[in-house]
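Participant: below are the sequence and a predicted model for it; my questions follow.
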Amino acid sequence: QKEVEQDPGPLSVPEGAIVSLNCTYSNSAFQYFMWYRQYSRKGPELLMYTYSSGNKEDGRFTAQVDKSSKYISLFIRDSQPSDSATYLCAMSAGNQFYFGTGTSLTVIP
Amino acid sequence: DTAVSQTPKYLVTQMGNDKSIKCEQNLGHDTMYWYKQDSKKFLKIMFSYNNKELIINETVPNRFSPKSPDKAHLNLHINSLELGDSAVYFCASSPGTGGNTIYFGEGSWLTVV
């Protein structure tokens, strides 16, 4: 079983839709949870990170962590064509980082 | 100012050649990494250095050799390149060994022909 599971999609939504991206994990030692956005031919860009369980909001983006279910989510409100990218979840324990395989998102104008 | 910068961005080379990718971070971080990203976007750790000391050395052919002259730099040298080495290589850094977050460079696209 992989440490981190993420649905690869692809996911296609109309502009203005609410997007929900999710990851599950198996290691209860994970403490930091991150979401990255990766545009084509670019490096992963840190969007948000949270420590332990709870919610964090930043503009149109909300990250949720449910450690009891080992489940994390990223919500994008009022999605824009510029949100079209691959989104990777990541989590860490000690000096090791574990990544999902990414969900490809397309927002159609 | 780019936080994590790596060069070159694109590299096309012949099988059997030796090449290097350079990486520098100006974030003041203690830990640096090399990751390989495959065609399915999966990021696989190769090496990690903390304050110039190797702390993670995954199962990688010994043709790959990292070198950290100081904690702001981590270079990757690849000997006797093979077709299967074609991939995107990302340098990254994080504040320390306690987890937290990790920041990536823009990537180096290596094509071996």
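Facilitator: Received, thanks.
Participant: and the helix-or-strand element of chain A with minimal mean pLDDT, what does it pack onto?
Facilitator: Taking mean pLDDT, DSSP states H and E as the measure, chain A has strand A:96-99 as its least confident helix or strand, at a mean of 89. Packing partners of strand A:96-99 (3 or more Cβ pairs under 8 Å, 6 or more residues apart in numbering or on different chains; DSSP states H and E): strand A:85-93, strand B:43-50. Any C-beta I mention is one placed from the backbone N, CA and C, and that applies to glycine too.
Participant: angle of the helix or strand just after the last one against strand B:43-50?
Facilitator: Stepping forward along the backbone from strand B:43-50, the first helix or strand reached (DSSP states H and E) is strand B:53-57. Taking axes from the mean of the first three to the mean of the last three Cα atoms, to 10 degrees, one finds strand B:53-57 and strand B:43-50 inclined to each other by 160 degrees.
Participant: any chance of CSV for the helices and strands packed on strand A:96-99, columns mean pLDDT?
Facilitator: Listed next are those as CSV, based on pLDDT from 0 to 100:
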stretch, mean pLDDT
strand A:85-93, 93
strand B:43-50, 92
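Participant: burial-wise, tell me which of the ones you listed comes out on top.
Facilitator: strand A:85-93 (a mean of 23; mean count of other Cβ atoms under 10 Å in any protein chain shown).
Participant: would you mind listing what in chain B touches chain A?
Facilitator: Along chain B, the residues adjacent to chain A under the rule Cβ under 8 Å from any Cβ of the partner chain are B:4, B:31, B:33, B:40-43, B:45, B:48, B:50, B:55-56, B:90, B:94, B:96-107, B:109.
Participant: weed out the non-buried ones from the residues you listed.
Facilitator: Buried members of those, scored by 16 or more other Cβ atoms under 10 Å in any protein chain shown, are B:4, B:31, B:33, B:41-43, B:45, B:48, B:50, B:90, B:94, B:99-107, B:109.
Participant: can you give the contact residues for the least confident helix or strand of chain A?
Facilitator: A:3-4, A:25, A:27, A:30, A:88-92, B:33, B:42-43, B:45, B:56, B:94, B:99, B:102 (Cβ atoms under 8 Å, 6 or more residues apart in numbering or on different chains).
Participant: okay, A:Arg37: pLDDT?
Facilitator: A:Arg37 carries a pLDDT value of 97.
Participant: could you list every residue that touches residue 7?
Facilitator: The chain I'm using is chain A. A:22, A:103.
Participant: wait, chain B
Facilitator: B:21-22, B:108.
Participant: buried ones only from the residues you listed, please, as a ChimeraX command.
Facilitator: Restricted to buried positions by 16+ other Cβ under 10 Å, the ChimeraX selection for these reads:
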select /B:21,22,108
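Participant: which ones among the contacts of B:Thr7 map onto strands?
Facilitator: B:21-22, B:108 (DSSP state E).
Participant: out of those, who's nearest chain A?
Facilitator: In terms of Cβ to the nearest Cβ, no member of those lies closer to chain A than B:Ser108, at 9.8 Å.
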